[in-house]
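**Student:** Quick one, structure for this:
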Amino acid sequence: MTIHKKSYFKIIIFLLILGIIPITLAQPLLIAHQGGEYWTDKNFSYITKSIEEGADIIEIDIRLKEGQYIVKHFPFSQVQGKLIDALDKMQDKQIYLDIKDESVNPNDLINFVRERRNNSIIIGSFNKDILKKVNPESNVTIDFQCLPTRCSIETAKELNADWINPLPYFITKRQINDIEKNGFKFVPAGSENYIKQMQYAKSGAYAISVYEVGKFKKILDKYKNKENLNVL
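**Tutor:** As a prediction, the model looks like this:
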């Protein structure tokens, strides 16, 4: 019996709808943005909670204050703590150091962390001058934070970046394809819009950055189990 191409595709679609052929979603790495949703104390208990909920990477924002590395997102924020205390909570997870302060030398920061931990390190920044300073022999992942524009790919090449981390607004599938075709990992910036982050996960994002790791992981699991396909 000969099956025409159109009939073949109709059969495939029908089987997908029935769930006989599974719809799969590649599981992206989960980044606890600013440590996760529990950004409430300088003792970093939220890092432990994010890890318990399934975070693969813990992202913390780094600044300098009186010669010490501190974890602090906004310059005016009252919530801050010492990096050395945060490192004690990291377990074996990858550590994403988001450098917010141009006075921070990334190589000194890398050495500071490596004297205390053996974890894999990711260095990210919106500041290109900071990323340019990273020693290419340091064996860290470089994440270029940027606007979602075509020129960001050329800049990422100049910076020897590994990831491109565009702000999660107005990103097109074509831009994602361009990022991946040029050998970079697509990692959209952190967002509380989980529908949008799910769309990026479906588009092949290497990692997704969220505030509530547990909540987003449940959404991912539901999608993989075909319980809520209309989430996108």
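
**Student:** packing partners for the helix or strand harbouring residue 197?
**Tutor:** In this structure, residue 197 is located in helix 194-202 according to DSSP states H and E. If contacts are counted by 3 or more Cβ pairs under 8 Å, 6 or more residues apart in numbering; DSSP states H and E, helix 194-202 sits against strand 207-210, helix 213-224. For every residue, glycine as well, the C-beta is placed using N, CA and C.

**Student:** what sits against residue 122?
**Tutor:** Contacts for residue 122 (Cβ atoms under 8 Å, 6 or more residues apart in numbering) come out as 57, 59, 94, 95, 96, 97, 140, 141, 142, 143, 163.

**Student:** Checking my notes, it in a strand, right?
**Tutor:** Yes - counting by DSSP: H, G, I helix; E, B strand; the rest coil, one finds residue 122 located in a strand.

**Student:** Pull up the gap between residue 84 and residue 128, please.
**Tutor:** 28 Å (Cβ to Cβ, to the nearest Å).

**Student:** What of residue 209?
**Tutor:** Residue 209 sits 20 Å away from residue 128, taking Cβ to Cβ as the criterion.

**Student:** which one of the two has more residues nearby?
**Tutor:** In this view residue 209 and residue 128 are compared by other Cβ atoms under 10 Å, and residue 209 has more residues nearby, 28 against 15.

**Student:** still on that earlier bit, output the contacts of residue 122 as TSV; include the columns distance to residue 109 and neighbour count.
**Tutor:** As requested, the contacts of residue 122 are exported to TSV (distance: Cβ to Cβ, whole Å; neighbours: other Cβ atoms under 10 Å):
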residue	distance to residue 109	neighbour count
57	17	22
59	14	23
94	15	18
95	11	20
96	12	27
97	6	26
140	10	22
141	14	17
142	13	20
143	14	28
163	18	20
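
**Student:** Of those residues, which belong to helices?
**Tutor:** The helices in this structure, assigned by DSSP state H, contain none of the contacts of residue 122.

**Student:** Tabulate those residues (JSON lines), appending pLDDT and distance to residue 121.
**Tutor:** Supplementary listing: the contacts of residue 122 in JSON lines, determined by pLDDT from 0 to 100; distance: Cβ to Cβ, whole Å:
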{"residue": "57", "pLDDT": "97", "distance to residue 121": "10"}
{"residue": "59", "pLDDT": "94", "distance to residue 121": "12"}
{"residue": "94", "pLDDT": "97", "distance to residue 121": "7"}
{"residue": "95", "pLDDT": "97", "distance to residue 121": "5"}
{"residue": "96", "pLDDT": "97", "distance to residue 121": "8"}
{"residue": "97", "pLDDT": "97", "distance to residue 121": "7"}
{"residue": "140", "pLDDT": "98", "distance to residue 121": "5"}
{"residue": "141", "pLDDT": "98", "distance to residue 121": "7"}
{"residue": "142", "pLDDT": "98", "distance to residue 121": "10"}
{"residue": "143", "pLDDT": "97", "distance to residue 121": "11"}
{"residue": "163", "pLDDT": "98", "distance to residue 121": "13"}
